[in-house]
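>>> Here is a sequence with its predicted model. Questions after.
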Amino acid sequence: MASLFSRLSAMSLLLGLMACGAPGVNTTDASKSKGVKVVSTFLPITLFTEAVAGDCADVTALIPANLGPHDFQATPSDLKDLSGANVLVKNGLGMEEFLDDLISSADNKDLMVIDSSSGVATIESAEDDHHGHDHGHSHGEVNPHIWLDPILAVQQVENIRDGLVKADPSCADGYKKNAELYTAKLKKLNTKFMAKLEPYKGKTFVAFHDFAPYFASRYSLKAEYLVDLPEMNPRPADLQRVAAQVKASGLKALLSEPQEGKRSFNALAKDLGVNIVEFNPLETGSVESAKVPGTYFEVMSSNVNNLVKAIGD
Ligand SMILES: [Zn+2]
């Protein structure tokens, strides 16, 4: 961490010098209609921010969509993005652990930070007594995966809307209209999920890492998981615990993630005679999908379809 910090500090100095060396060269900016530069952190935050920004602001994703936020390491180009931004939108709740150092290194006094988790009722992270304590990538005490509950996502979008309206009042009506359209879709999605998952109330499902407490709570389901964080390897005790849960609940499938879980679940699924289906926690995606706010609805609908397959009917 110390080396990252000093690297960033050196870069910040360099950028400062570059800025001094080119006074008043703003002609390219002046020809642009979009006045506000917005940086978002990772995939769901980028989708929500793109949805609200619409034609009013440019959105740049800090973390490339194909990389997950849990093990993200900032680079000098991330610092450059932040140095030139007006607004930074984050999930919050400790999800973006790298961000505080990056923000102080960017030394951008005018940067407005929007914490999309503001006011959201949180759930504590599960006790990780089945893992060592110093794994180095702790989520913190609060579970940060609020975006997987469409109703909490509404709150996140509204926080982003309020922040952008404050940062750029010239497009206030645009931000409000965009947010209204997107939150209406989120509420509709929730209604659809409520109906679809109603028959499975109280049932248990097993995911790879600890991303599902908010989603499970919204639909009265119980979420179990193999590991706390995506980059972890399960211990034999974890595999035994999950095996017992699968047997007790009669699950038909384990829920893996696009980039994680299959390797760990393969042998277990074979042993238990169950399938593996995907529940994508939206921590990663393709660069193209990050530009399309509708990606959220597509992925979540597919998640719920797979979940129903896993619980079985
Ligand atoms: Zn996660």
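Arrived safely, thanks for sending. Numbers count the residues shown, from 1 in each chain.

>>> model confidence over the lengthiest helix in the chain, on average?
Longest helix in the chain by number of residues (criterion: DSSP state H): helix 172-197. Rounded to a whole number, the mean pLDDT of helix 172-197 is 98.

>>> Buried by neighbour count: which residues of that helix qualify?
Burial within helix 172-197, assessed by neighbour count using 16 or more other Cβ atoms under 10 Å, is assigned to 174-176, 178-179, 182-183, 185-186, 189-190, 193, 197. All C-beta atoms are positioned from the backbone trio N, CA, C, and that covers glycine.

>>> for that helix, packing partners?
Contacting helix 172-197 under the criterion 3 or more Cβ pairs under 8 Å, 6 or more residues apart in numbering; DSSP states H and E are the following elements: helix 43-53, helix 150-167, helix 295-311.

>>> gap between it and the chain center?
The chain centre lies 18 Å from the centre of helix 172-197; the measure is Cα atoms, centre = their mean, to the nearest Å.

>>> Just after it, pick out the following helix or strand.
On the C-terminal side of helix 172-197, the closest following helix or strand by DSSP states H and E is strand 204-209.

>>> For that following strand, list the C-alpha coordinates in PDB.
Taking C-alpha atoms only, strand 204-209 is exported to PDB below (Å, rounded to 0.1, in the frame of the first residue of the first chain):
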ATOM      1  CA  THR A 204     -32.300 -21.400   0.900                       C
ATOM      2  CA  PHE A 205     -29.900 -20.900  -2.000                       C
ATOM      3  CA  VAL A 206     -26.100 -21.200  -2.100                       C
ATOM      4  CA  ALA A 207     -23.900 -18.600  -3.900                       C
ATOM      5  CA  PHE A 208     -20.200 -18.500  -4.200                       C
ATOM      6  CA  HIS A 209     -19.200 -15.300  -2.300                       C
END
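
>>> what about it, distance to the chain center?
When C-alpha coordinates are averaged (Cα atoms, centre = their mean), strand 204-209 and its chain have centres 18 Å apart.

>>> Give the other helices and strands that that strand contacts.
Counting contacts by 3+ Cβ pairs under 8 Å, 6+ apart, the secondary-structure elements packed against strand 204-209 are strand 222-227, helix 236-249, strand 253-256, helix 295-311.

>>> deepest of these, which one?
Among the helices and strands packed on strand 204-209, ranked by average contacts under mean count of other Cβ atoms under 10 Å, first place goes to strand 253-256 (a mean of 26).

>>> need the next SSE after that one, C-terminal direction.
Sequence-wise, the next helix or strand beyond strand 253-256 is helix 262-272, with elements assigned using DSSP H and E.

>>> where in the stretch 1-150 of the chain is pLDDT low?
Scanning the stretch 1-150 of the chain with the threshold set as pLDDT under 70 gives 1-34, 126-140.

>>> ok, which stretches of it are strands?
For the stretch 1-150 of the chain, applying DSSP state E, counting those that start in this stretch gives strands covering 36-40, 57-61, 87-90, 112-115.

>>> Given the second one, what are its sheet partners and their directions?
If I follow you right, that is strand 57-61. Strands that pair with strand 57-61, judged by DSSP bridges, come out as strand 36-40 (parallel).

>>> okay, the helices and strands packed on strand 204-209 in CSV with mean pLDDT and distance to Pro150 next?
Formatted as CSV, the helices and strands packed on strand 204-209 follow (pLDDT from 0 to 100; distance: least, Cβ to Cβ, whole Å):
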stretch, mean pLDDT, distance to Pro150
strand 222-227, 94, 16
helix 236-249, 94, 24
strand 253-256, 95, 18
helix 295-311, 97, 7
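
>>> I appreciate the help and will end here.
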